[in-house]
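Q: Predicted model and sequence follow; I will ask about them next.
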Amino acid sequence: MTPETDTQPRPGGPTVYLETFGCQMNQLDSELVRGQLAALGYSFTPDAGQADVILYNTCSVREQAENKVLSRVGKVAQRKRDGSPVILGLLGCLAEREGTRLLSRYPQIDLLCGPGELNRLPMLIDNAMRTGAVEVADRVALAGNRSRRSATLSAAADNLELLDLSRSFDPDHAGGPRRSAYVRITRGCNKFCTYCVVPFTRGAEVHRPPDTIVDECKRLADQGVIEITLLGQTVNHYRYTHGVAVGLEGREAPQVGPGAAAFRPGAGSGNVGRVTSFADLLGRIHDEVPAVRRLRFVTSYPRDFGDDILQVMRDCPRICRYLHVPAQSGSDRVLKLMNRGYTRSEYLEFIDRARGFLPDVSIAGDLIVGFPTETDRDFEQTRSLLQRVRCKNNFIFKYSPRPGTSAWDRLPDDVPETVKRLRINELLAVQARVSEAVHAEQVGRVVEVFVEGASPKSRAASARGGEVELGWERPSVGVQMSGRTAGDLITVFDLPPGYSVEQVQGQILPVRVEAAGTLLLYGHLEATTRPSPEHGSDPFPAARLAQFEMSESVDFAS
Ligand code: SF4
């Protein structure tokens, strides 16, 4: 009997607490883990204190995320000392990077599962619950040095594909009908930025077959999903050559990415088969799955982003005009030390080209301050880049050396903490002004908002057991809803009287923007499309929304 088949469904089975740290890729992994365990009879609880199994899906990119996980691990140790039989598992990048060292340092950890081995998680839990597994081999599933496959090996042996394929979408989880889902198109990364551990923990870039991806989008749409975000560490690198990776049963299989050479001008003449590029894939999903009203993708790498992608974004109205394209630094010298593979002027050329095709494109980025040897002059170049690009927001981080990266081995962390703090505060202040100005441009417009639910402010008020005044210019009492525009601008509005959160959540609705701040747009539902009670549980007839979509596209073009 193989270990996997030893895992049996258990009606009324154990209860799991699953907490996710880090990026969207981890969130998707957790969703897949959840579906996999639910199918085996496990149930889930939001209260770690009530769980039989505690799982932390970890991130290794930032030191802060690691420290949070390890502090939680410490708390579980106390529970175990008090006699609780709880099972503790670490999944994800921290587990993969640190490996069995974690078992020695934290004996309360029962199992470790890397991001490339999540299909083996049920077997690990089963081992721990049934036998209290003591052998390391029964407690650990890590890719180890297999995580970087040679390009000559077929990625068809990638068991994680089975987990992606077995996806059972659960619209009820996370407290409501979200109607929004992630779809992975590539796994891993070939870039080796010197500060990043991902190429080691998630392995080489592997691209999923386009037919499989389109099928997954169709299944999600059939289940009510109207917004899909395609995920890849360098999503614009997606490139699938048909005919070279075919499984035993004749189906196309995931294949290892072609490397940078495939993106050079004139490349492709030597391909043995037809190629589906990222632009082709976007176009296929847009045309073949029209029920998906918003198609997004993250994260874009600033190089190798062809005009073909920008053209398809321009020509397909349901592809969001939104790019998350991290610069990381504005200094050529630092970019080189980071091994980012582009210069400041190449980054700016891409931004200008994107805005040339899509004047209304909304851009977000990531920046790191205090990278080893960063001087005042380097920092000044980052600050000027931030001002020049005018991102709607930037995720700004202080550099922290991560074990397992080449910067950890080669570049002393020599920028003092006080300097890092001053620099991050300065960048945050500049970004706040830029964000406020970007948001202010929307005031007076009608924007389409995908409503995610009650705003955090509203949820906090409700948790305190009372209603509070919400709103802005005219204080109101009620529930404040929150959602995002196609350009990913967070927008809040007051729920109209007589309507429940459930009636509005998961809808794309027109909101007139009345005011703007650093983080948010504030508005009200447009009067002409405001729901009325006679529409019952479907207060937003499709015809009226279609009418709105046409009028909004005019608004954006103006
Ligand atoms: S592109 Fe660089 S920062 Fe992004 S995942 Fe790959 S190595 Fe890490």
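A: Looks like it arrived, so ask away.
Q: For L358, which non-adjacent residue is spatially closest?
A: Among residues not flanking L358 along the chain, R321 sits closest, at 4.9 Å (Cβ to Cβ, 6 or more residues apart in numbering). The way it works is simple: take the backbone N, C-alpha and C, and place the C-beta from them, glycine included.
Q: Could you list the low-pLDDT ranges of this protein?
A: 1-12, 132-134, 144-160, 167-177, 248, 259-261, 264-273, 459-477, 527-558 (pLDDT under 70).
Q: Any chance you could note which residues of it sit beside the ligand?
A: For the chain, the contact set with the ligand under Cβ under 6 Å from any ligand atom comprises C189, K191, F192, C193, C196, V198, P199, Q233, T234, Y301.
Q: I'd guessed the second one sits against G257; true?
A: No - using Cβ atoms under 8 Å, K191 makes no contact with G257, being 10.4 Å away.
Q: quick one: which of these two has more around it?
A: G257 (23 against 18; other Cβ atoms under 10 Å).
Q: and the more buried one, what are its phi and psi?
A: Main-chain torsions, G257, degrees, to the nearest 10: phi -60, psi 150.
Q: count of neighbours near the closest residue to it other than its chain neighbours?
A: Excluding the flanking residues, the one nearest G257 by Cβ to Cβ, 6+ apart is E205, at 3.3 Å. Neighbourhood size, E205 [other Cβ under 10 Å]: 26.
Q: V53 too?
A: V53: 23 surrounding residues under other Cβ under 10 Å.
Q: next one: phi and psi at it?
A: Here is the backbone geometry of V53 (degrees, to the nearest 10): phi -130, psi 130.
Q: Correct me if wrong: it contacts I125.
A: Yes - here V53 reaches I125: they are 5.9 Å apart, a contact under Cβ under 8 Å.
Q: Quick check: what element follows the host helix or strand of R333 along the chain?
A: Per DSSP states H and E: R333 is located in helix 332-337. Remark: after helix 332-337, the chain's next helix or strand is helix 344-357, criterion DSSP H and E.
Q: other SSEs contacting that next one?
A: Other elements packing on helix 344-357 under the criterion 3 or more Cβ pairs under 8 Å, 6 or more residues apart in numbering; DSSP states H and E are helix 307-315, helix 376-389.
Q: Adding distance to S362, write those helices out as TSV.
A: As requested, these are exported to TSV (distance: least, Cβ to Cβ, whole Å):
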stretch	distance to S362
helix 307-315	12
helix 376-389	12
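Q: In TSV, list those along with mean neighbour count and distance to L103.
A: Formatted as TSV, the helices and strands packed on helix 344-357 follow (neighbours: other Cβ atoms under 10 Å; distance: least, Cβ to Cβ, whole Å):
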stretch	mean neighbour count	distance to L103
helix 307-315	18	44
helix 376-389	18	40
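Q: ok, back up a step: among the residues of the chain next to the ligand, name the ones in helices.
A: Assigned to helices by DSSP state H, the following of these qualify: V198, P199.
Q: Just the buried residues from the residues of the chain next to the ligand, in PyMOL please.
A: To isolate the buried ones among these in PyMOL, judged by 16 or more other Cβ atoms under 10 Å, type:
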select buried, resi 189+191+193+196+198+199+233+234+301
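Q: In contact with whichever residue of the stretch 401-550 of the chain sits closest to the ligand, which residues?
A: Distance from the ligand to each residue of the stretch 401-550 of the chain (Cβ to the nearest ligand atom) is smallest for T405, at 8.9 Å. T405 is in contact with T194, Y195, C196, V197, F200, counting by Cβ atoms under 8 Å, 6 or more residues apart in numbering.
Q: Closest one to the ligand out of those, please.
A: C196 (3.1 Å).
Q: Tell me the spacing between the closest one and R251.
A: Shown here: C196 relative to R251, a distance of 33 Å by Cβ to Cβ, to the nearest Å.
Q: got it, and L94?
A: 34 Å.
Q: same question, E288
A: 18 Å.
Q: And for C113?
A: For C113 relative to R251 (Cβ to Cβ), the value is 27 Å.
Q: Convert the host helix or strand of R296 to PDB, retaining C-alpha atoms only.
A: Using DSSP H and E, R296 maps to strand 294-298. Output of strand 294-298 as PDB, limited to C-alpha atoms (Å, rounded to 0.1, in the frame of the first residue of the first chain):
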ATOM      1  CA  ARG A 294     -12.500  40.500 -14.400                       C
ATOM      2  CA  LEU A 295      -9.300  38.800 -15.300                       C
ATOM      3  CA  ARG A 296      -6.100  39.900 -13.500                       C
ATOM      4  CA  PHE A 297      -2.600  38.600 -13.200                       C
ATOM      5  CA  VAL A 298       0.300  39.000 -10.700                       C
END
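Q: contacting residues for V16?
A: L37, Y42, S43, F44, T45, A51, D52, V53, I54, L55.
Q: can we see that at 10 Å?
A: 33-34, 37-38, 42-45, 48, 51-55, 87, 89, 125 (Cβ atoms under 10 Å, 6 or more residues apart in numbering).
Q: Mark which of those are buried, thanks.
A: Neighbour-count burial (16+ other Cβ under 10 Å) applied to the contacts of V16 gives 33-34, 37-38, 42, 44, 48, 51-55, 87, 89, 125.
Q: Break down the stretch 101-250 of the chain into its strands, ranges please.
A: 111-113, 140-141, 180-184, 186-187, 206-207, 227-231, 239-241 (DSSP state E, counting those that start in this stretch).
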